[in-house]
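Participant: Requesting a structural model of the entry that follows:
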Amino acid sequence: MKKRLFFTFLLLLTNLMASAFDCQVDGIYYNLYTSGKTAEVTRLYTDNNYRFSVDIPSSVTYNGIKYKVTSIGQYAFNNCSNLTSVTIPNSVTSIGERAFYDCRRLKAVTIGNSVTSIGKQAFYGCSGLTSITIPNSVTSISKQAFSGCSGLTSITIPNSVTSIGDYTFECCSGLTSVTIGNSVTSIGRDAFYGCSGLTAVHITNIDAWCRIEFYDNDTSNPLSKAHHLYLNGEEVKDLIIPRSVRSIGHYAFSGCS
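Facilitator: Next comes the predicted model:
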């Protein structure tokens with residue numbers, strides 16, 4: 001009797017997971033919100049369902065009602081190992097937690113210019129991603145958003161961004177240069193930890209910074225790679241720390257030979 005009840009429970013759970021979306025249009029799954037007539041991109045949880053190139057529309061019509069696509073939901077493309085490119089329309093304002101987690105073959109992402117937030121671990125482990133443009137609409141990049149994106153070679157944080165989360169670019173070993181916009185007021189713990197190829201960081205407004213932390217990943221020889229600090233395109237040899245800085249993190253200038 002217990003085995004039969006357990007089997008029935010598993011069957012109900014499987015059916016629930018398989019139907020955890022409101023509609024599917026042109027191969028893309030959505031959750032629909034009738035009150036604001038908006039749609040969120042989601043997935044069929046029992047299947048690694050997104051493959052190759054996905055072009056998300058700005059709106060979708062279902063049962064005669066038009067819904068505006070405004071968000072990429074949590075886990076929407078999580079672990080879609082055959083996904084190679086994604087285009088996110090201007091209608092989308094947020095990219096959810098783990099939205100593209102471990103999409104290792106993802107090479108190209110176009111983010112629309114209305115996205116304001118990139119969720120926790122949104123692009124975690126996307127090692128095939130070689131470049132990404134963060135639009136000027138983004139104000140926050142959450143914890144580990146690009147952690148493990150070892151294919152990235154450079155990144156520009158636009159002036160709209162005010163905060164960069166903990167471990168955001170952790171272990172981005174291919175990253176060689178970073179440009180940080182002048183609105184950033186906080187950079188999380190170990191944001192660039194393990195970026196062994198990083199040689200240049202361009203900061204346009206150090207007065208706004210609350211904390212600066214950079215780490216050399218080669219613990220066996222901490223002076224093996226000299227770090228370089230740039231302000232407005234010029235390398236800094238002498239640095240005066242302004243009154244606005246409240247704290248300087250551990251090893252902040254380690255390896256500046």
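Participant: Does residue 84 touch residue 106 like I think?
Facilitator: Yes: at 6.4 Å, residue 84 and residue 106 qualify as touching, with contact defined as Cβ atoms under 8 Å. For every residue, glycine as well, the C-beta is placed using N, CA and C.
Participant: Neighbour count for those two, which is higher?
Facilitator: Between residue 84 and residue 106, residue 106 has the larger neighbour count (other Cβ atoms under 10 Å), namely 26 against 15.
Participant: Kindly provide the distance from the more buried one to residue 100.
Facilitator: Here residue 106 is placed at a distance of 6 Å from residue 100 (Cβ to Cβ, to the nearest Å).
Participant: Where does the prediction get shaky in this protein?
Facilitator: 1-21, 45-48, 203-236, 251-252, 254-257 (pLDDT under 70).
Participant: Would you point out which residue is most central in it?
Facilitator: Residue closest to the average C-alpha location in the chain (Cα atoms, centre = their mean): residue 145, at 3.3 Å.
Participant: Pretty sure it sits in a strand.
Facilitator: No: judged by DSSP: H, G, I helix; E, B strand; the rest coil, residue 145 forms no part of a strand; its state is coil.
Participant: Could I get the contacting residues of it?
Facilitator: Listed by Cβ atoms under 8 Å, 6 or more residues apart in numbering, the contact set of residue 145 reads 118, 119, 120, 121, 122, 123, 124, 165, 168.
Participant: List just the nearest of these to residue 74.
Facilitator: Nearest to residue 74 among the contacts of residue 145: residue 119, at 7.2 Å, using Cβ to Cβ.
Participant: in stretch 120-134, what counts as buried?
Facilitator: For stretch 120-134, burial by neighbour count (16 or more other Cβ atoms under 10 Å) applies to 120, 121, 122, 123, 124, 125, 126, 127, 128, 129, 132, 134.
Participant: now the residues you listed as TSV including secondary structure and distance to residue 156?
Facilitator: Output for those, formatted as TSV (DSSP: H, G, I helix; E, B strand; the rest coil; distance: Cβ to Cβ, whole Å):
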residue	secondary structure	distance to residue 156
120	coil	21
121	coil	21
122	coil	17
123	coil	15
124	coil	20
125	coil	22
126	coil	18
127	coil	20
128	coil	20
129	coil	15
132	coil	10
134	coil	7
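Participant: Quickly name whichever of those residues is closest to residue 173.
Facilitator: Residue 173 has its nearest neighbour among these in residue 127, at 9.6 Å by Cβ to Cβ.
Participant: okay but the closest one is in contact with residue 150, surely?
Facilitator: Yes: contact criterion Cβ under 8 Å: residue 127 and residue 150 qualify, at 4.8 Å.
Participant: where do the helices sit along the stretch 1-150 of the chain?
Facilitator: For the stretch 1-150 of the chain, applying DSSP state H, counting those that start in this stretch gives helices covering 2-18.
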